[in-house]
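Peer 1: What shape does this take:
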Amino acid sequence: MDEVSRKCAVVTEPVSTIYEGPFTEKESKGETVSAIADEGLCGMLLEVTGEETAGYFPVRTFYGYTGFIPAKDVRCLSLADARTWEASDLWVTDALCLDVLSVPAVEGVRLSSLFRGSLVEVLSHGSEGWAKVRLADGREGYARDQYLREKKFSQEGVFEGGIVQKQGIEEEQLRRDVVETAKTYLGVQYRWGGRSTPGIDCSGLTSASYMRNGVLIYRDAEIVEGYPVHEIRRADMKPGDLLYFPGHIAMYTGGGRYIHSTGKAGNSGVVYNSLRPEDADYRKDLAEGLYAVGSIF
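Peer 2: Got it, this is the predicted structure:
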């Protein structure tokens, strides 16, 4: 697709499901299951890679993941408009749920409720803790400053091609930051294909934790060439490194423990578990299945 005909889109809904194809369900092992592959959060840019099919656009995310998103959940942009959105003063929402209101007062009309990781353009920082913001659909409102963080990741990959990573990373600081970011999701329910605070899966947790700190890793639970994670010796793992199990991924937090989003009955959601048999939260099934440790360092 040439430069003139290429187009982008920005997610306008708080959360929009990205499916494997232009359908919501599929057959697997004789059962009907969800075809969800990922989620797009409000304000995130996508490259539109083809024509609309059955109400869905084929898209590629700025971190290189592909799928189909409902056309009604996005606003199509030219490359120039996508560049303008990315170059604006975008901030990341940090609350589990952040209301954007019509006026800078708690009794304002709720224009939208955004989840952690969504993007808004900050127009000004006002008095009494309110920021004036613009949503991806163009509406303007007000949100509490305390729940907004400066965006550290680049979405330029949707119009420049490839994946654009943050430069000048300090190792120890990043290790601390990705672990702390993952911890903010503790207690969030497990959701297949989820990457937001209403529900998140294992690779959604790890990729979101790295993304919010400027590093774009592969969305699924495997080490893939072209992304910054590479395999290291288990003896060398440090906090922030990634643990790979068959069909599952977790983040090491130190002391034999890890944080992950799991669908295990009785221990579901974002929780801590241990690799050490002497610990009460030891997961034998995972400890014995650990086949790789990955690091960006």
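Peer 1: what does the helix or strand containing residue 32 rub up against?
Peer 2: Following DSSP states H and E, one finds residue 32 within strand 31-34. With C-beta atoms under 8 Å, 6 or more residues apart in numbering as the test, strand 31-34 has contacts from 24, 25, 26, 27, 192, 193. To be clear about C-beta, it is placed using only N, CA and C from the backbone, and glycine gets the same treatment.
Peer 1: again, but for stretch 88-107
Peer 2: Contacts to stretch 88-107, defined as C-beta under 8 Å, 6+ apart, come from residues 43, 108-123, 126-128, 130-135, 141-144, 147-152, 184, 188, 197, 212.
Peer 1: quick one, helices of the stretch 151-297 of the chain?
Peer 2: With DSSP state H, counting those that start in this stretch, the ranges of helices along the stretch 151-297 of the chain come out as 157-160, 171-183, 202-211, 284-287.
Peer 1: Single out the most deeply packed of the ones you listed.
Peer 2: Neighbour counts (mean count of other C-beta atoms under 10 Å) averaged over each of these peak at helix 202-211, with a mean of 25.
Peer 1: Export that helix to CSV, keeping only CA atoms.
Peer 2: Extracted in CSV, the C-alpha atoms of helix 202-211 (Å, rounded to 0.1, in the frame of the first residue of the first chain):
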residue,chain,number,x,y,z
CYS,A,202,-1.3,-13.1,30.9
SER,A,203,0.4,-11.5,27.9
GLY,A,204,-1.9,-8.5,28.1
LEU,A,205,-0.4,-7.8,31.6
THR,A,206,3.2,-8.2,30.6
SER,A,207,3.0,-6.3,27.4
ALA,A,208,1.0,-3.4,29.0
SER,A,209,3.5,-3.2,31.8
TYR,A,210,6.4,-2.9,29.4
MET,A,211,4.5,-0.6,27.0
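Peer 1: Surely residue 153 and residue 217 touch.
Peer 2: No. Using C-beta atoms under 8 Å as the test, residue 153 is too far from residue 217 to be in contact (10.9 Å).
Peer 1: Among those two, which residue is more densely surrounded?
Peer 2: The neighbour comparison of residue 153 against residue 217 (other C-beta atoms under 10 Å) goes to residue 217, with 26 against 21.
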